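[1] A structural model of the following input is requested.
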Amino acid sequence: MLFDTHAHLNDEKFNDDRDEVIQRALDNGVRYIVNIGYNRETIPSCLELAETFPFIYAALGWHPTEAKEMNEEDLDWLRNLMTHDKVVAVGEIGLDYYWDYSPQDIQKEVFRKQIALAKEVKKPIVIHNRDAHQDIVDILKEEKAYEVGGIMHCFSGSWEIAKMCMDMNFYISFGGPITFKNARKLKEVVKEIPLDRLLIETDCPYLTPEPYRGKRNETAYVKYVAEGMAQLKGVEYEELAKVTMENAKKIFHIR
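    Numbers count the residues shown, from 1 in each chain. Got it, this is the predicted structure:
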């Protein structure tokens, strides 16, 4: 049984065959999915999916590339939605220095506000980090994010950064890139991280693993991430699936 800890099944790329995609996930051993709503447009459809399918949960937050669009009314809206029984995390939130859509100072302010919200509602956080490793770690420390912990989504940093995050009560999640032939450094990081801190994800429809790289990703393909991770860790696939399932249920407080 597999747990896809990060999906975007409400993305428009699934508009023509969403139900079939979800059924294929079930057929391939996926038993839990956390779907992400990250702005005004995606949060309602994310909640709708979680309400429709018992095994789909929601993480809601404001993506850093959208930070300049967020206001206090949006933050209050998020706060109210956190009482929904299918909402298991605040996310994805963080910093993105690759896309120049929102100024870095605004990204940091919105990031800090959402960490405070997570501590207020006692839910873990899902971190988006692109080219902002040290600033992410510094803000997590300053805002005492270890009080709620969370997930470093689609991790792309060094072992040193991973260790700092684990010391702050964070799990390290990997997706399709660990199956890429040229991802040598990333694979070395996977080997270093203890099994009890690892998670798997797809980030579908993005970051498709081998052997489907270049095509639309979907939750069923999380099994290729699990296979790749099991190989890197030197454990049986079934053990890797079991451990990552337990880890995900623990951080998301799913019984």
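[2] not counting its neighbours along the chain, what's nearest residue 97?
    residue 131 (4.2 Å; Cβ to Cβ, 6 or more residues apart in numbering). Using the backbone N, CA and C atoms, a C-beta is placed for each residue, glycine as well.
[3] look up phi and psi at that neighbour.
    phi 60, psi 30 (degrees, to the nearest 10).
[4] hmm, it is touching residue 98, no?
    Yes. With contact defined as Cβ atoms under 8 Å, residue 131 counts as touching residue 98 (4.9 Å).
[5] right, and residue 247 touches residue 200 too?
    No. If you go by Cβ under 8 Å, residue 247 and residue 200 don't touch, sitting 9.3 Å apart.
[6] more neighbours: these two, which one.
    residue 200 (28 against 22; other Cβ atoms under 10 Å).
[7] sheet partners, orientation included, of the strand ranked longest in the chain?
    The longest strand of the chain (DSSP state E) is strand 87-96. Counting by DSSP bridges, the strands paired with strand 87-96 are strand 56-60 (parallel), strand 125-130 (parallel).
[8] for the residue nearest to residue 97, which residues are in contact?
    By Cβ atoms under 8 Å, 6 or more residues apart in numbering, the contact list for residue 131 reads 96, 97, 98.
[9] same deal with residue 211?
    Residues in contact with residue 211 (Cβ under 8 Å, 6+ apart) are residue 224.
[10] again, only using 7 Å
    Residues in contact with residue 211 (Cβ atoms under 7 Å, 6 or more residues apart in numbering): none are found.
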